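*Asks:* pasting a predicted model and its sequence here:
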Amino acid sequence: FLLLSDFEATSARDRIGWTYNGIACRLIFDLGLHEDCSRLTRHGILVQADADLRVSFFLSAFVYDRLWALYLGRPSCVPMSCLEQRRPQIAPAKSIGPLEHWVTLCQYISEVTEKLNGFGPPLDHTCVDSLLDLSARISAAHDRLPPGLSSKQTSELCVTAYGLNIQYHGIQIVLHRTLVKVLLQHDASKADGLDRDEQIKSFRRILYDNAVCICRLLLTYREMFGVENFITVMLDNMYIAASTLVSHILQPPMMGEQDGSYCESSRLLGFLTETMRDLPKYYPVVEKMRQTLSRITENTILAGSFGSMNLSSGTQNPDSHSIMANTVAQPVSGSWGSMGALVHDDFLLGQGNLLGDGFSPDPRLNDNFWFLM
């Protein structure tokens, strides 16, 4: 059922995938996979290999549960208390491998979803310190990844570690988008306005740097293993990275900010658009992502970057970009790859008239053409 949920996610059927994931999470309780089975192994009722497999199944369900909650903004099913009960069995299990590090990351993801999805106190400027603390703890956990699993040693990176590192960068983007949103919505006084601007500038840089890291990991993975072997978390974080680069290119510079990253971001965005053109035949959800990004960039200097699709033939039709909204079945609001989800997630893309008529700014020519924040 976990694999079925993955398949449905890549086929742009979020609700069915979410349902399959829910079935899997409930089966772990029906089958007792959440229970400590050390007594059974001591008495010879279970061999150690079976006990390790039960731990792996439980942890896999936990990871899927947390990732689905992150992607769709919904509550998780597996209580953290069950994970804590299973914690003593994780270290002895020899078959776990990178899964243990996924579990660590997903514990942090649980904190993120609780804060961002409305399960805790409303987010305002008073939560900035707690979000920064969470970001620092996630960064420290990322730094502690062992050799072979750390993206700081890309040439030696284990094949199973690409998705893990990409998700570490992706969750930092989610967190820092929230920080930018909170600060921009905060009615700052004149006294702290400059400090706020410096913080926003710093957070934007972190957004960009993490998007760059995602692009480089995807580029390496594509060259080594091909787009047909991408995994689900790569697709979502590729989408997050693409929207971050779009924001970086189209947003106005902060006062006094001199950013020379325009060429690099344009080059990396070009790699992502090329990759996203090649992916839909393997993962249909990517077409949904392209449609959304195409609408977002319509009437800007990036218009046409993500193409316009003729659904009847499945081929690109560059001349039909301006009428895409009338010819393409629009993604369901709030679902994975949809306009609603992206604009809600990316505060910068939600500002200004991004979908307005006749709007085509060139950030290299005149500051007056920048979007109003």
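*Replies:* Nice, I can see it.

*Asks:* which stretches of the stretch 51-200 of the chain form strands?
*Replies:* Assigned strands in the stretch 51-200 of the chain: none (criterion: DSSP state E, counting those that start in this stretch).

*Asks:* how about the helices in it?
*Replies:* 80-90, 99-116, 128-143, 162-185, 190-225 (DSSP state H, counting those that start in this stretch).

*Asks:* could you list every helix and strand in contact with the fourth one?
*Replies:* Based on contacts counted as 3 or more C-beta pairs under 8 Å, 6 or more residues apart in numbering; DSSP states H and E, the elements that helix 162-185 packs against are helix 48-72, helix 99-116, helix 128-143, helix 190-225, helix 232-250. The way it works is simple: take the backbone N, C-alpha and C, and place the C-beta from them, glycine included.

*Asks:* can you give the contact residues for stretch 156-167?
*Replies:* 67, 97-98, 101-102, 105, 142, 145, 147-151, 213-214, 217-218, 220-221, 224-225, 231, 233-234, 237 (C-beta atoms under 8 Å, 6 or more residues apart in numbering).

*Asks:* now the spatially most central residue of the chain: closest residue in space, sequence neighbours ignored.
*Replies:* Nearest to the mean C-alpha position of the chain, by C-alpha atoms, centre = their mean, lies residue 237 at 3.8 Å. Take residue 237 and drop its neighbours on the chain: the residue closest to it by C-beta to C-beta, 6 or more residues apart in numbering is residue 170, 3.8 Å away.

*Asks:* hmm, the one you found is touching residue 210, no?
*Replies:* Yes. Judged on C-beta atoms under 8 Å, residue 170 makes contact with residue 210 at a distance of 7.5 Å.

*Asks:* between these two, which contacts overlap?
*Replies:* Residues touching both residue 170 and residue 210 (C-beta under 8 Å, 6+ apart) are residue 241.

*Asks:* hang on, the earlier thing: distance to residue 264 and mean pLDDT added to the helices and strands packed on helix 162-185, as CSV?
*Replies:* Below are the helices and strands packed on helix 162-185 laid out as CSV (distance: least, C-beta to C-beta, whole Å; pLDDT from 0 to 100):
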stretch, distance to residue 264, mean pLDDT
helix 48-72, 28, 86
helix 99-116, 27, 90
helix 128-143, 22, 93
helix 190-225, 7, 86
helix 232-250, 9, 91
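
*Asks:* out of the helices of the stretch 51-200 of the chain, deepest packed?
*Replies:* helix 162-185 (a mean of 22; mean count of other C-beta atoms under 10 Å).

*Asks:* what about residue 151, neighbour count?
*Replies:* Neighbours of residue 151 under the rule other C-beta atoms under 10 Å: 20.

*Asks:* from residue 199, how far off is the residue nearest to it when sequence neighbours are not counted?
*Replies:* Closest residue in space to residue 151, ignoring its immediate chain neighbours: residue 165 at 3.8 Å, by C-beta to C-beta, 6+ apart. When distance is defined by C-beta to C-beta, to the nearest Å, residue 165 is 26 Å away from residue 199.

*Asks:* cool, residue 40 as well?
*Replies:* Computed with C-beta to C-beta, the distance linking residue 40 and residue 199 is 53 Å.

*Asks:* same check on residue 241?
*Replies:* From residue 241 to residue 199 the distance is 22 Å (C-beta to C-beta).

*Asks:* how near is residue 228 to residue 52?
*Replies:* Relative to residue 52, and taking C-beta to C-beta, residue 228 is found at 31 Å.

*Asks:* correction: residue 293
*Replies:* Distance check for residue 293 against residue 52: by C-beta to C-beta, it reads 42 Å.

*Asks:* those two: who's more crowded?
*Replies:* Shown here are residue 293 and residue 52; by other C-beta under 10 Å, residue 293 has more neighbours (26 against 20).

*Asks:* OK, contacts around residue 275?
*Replies:* If you count contacts by C-beta under 8 Å, 6+ apart, residue 275 has them with 218, 222, 227, 238.

*Asks:* once you drop chain neighbours, what's closest to the second one?
*Replies:* So the one you mean is residue 222. residue 275 (6.3 Å).

*Asks:* give me the element that neighbour is part of.
*Replies:* Using DSSP states H and E, residue 275 sits in helix 262-278.

*Asks:* give the residue spans of the stretch 251-373 of the chain that score low on pLDDT.
*Replies:* 252-261, 309-373 (pLDDT under 70).

*Asks:* same thing but at 50, please
*Replies:* Applying pLDDT under 50 to the stretch 251-373 of the chain flags residues 255-256, 309-334, 339, 343, 352-373.

*Asks:* and residue 22, what does it touch?
*Replies:* residue 77.

*Asks:* please apply the same query to residue 171.
*Replies:* 70, 105, 108, 109, 112, 138.
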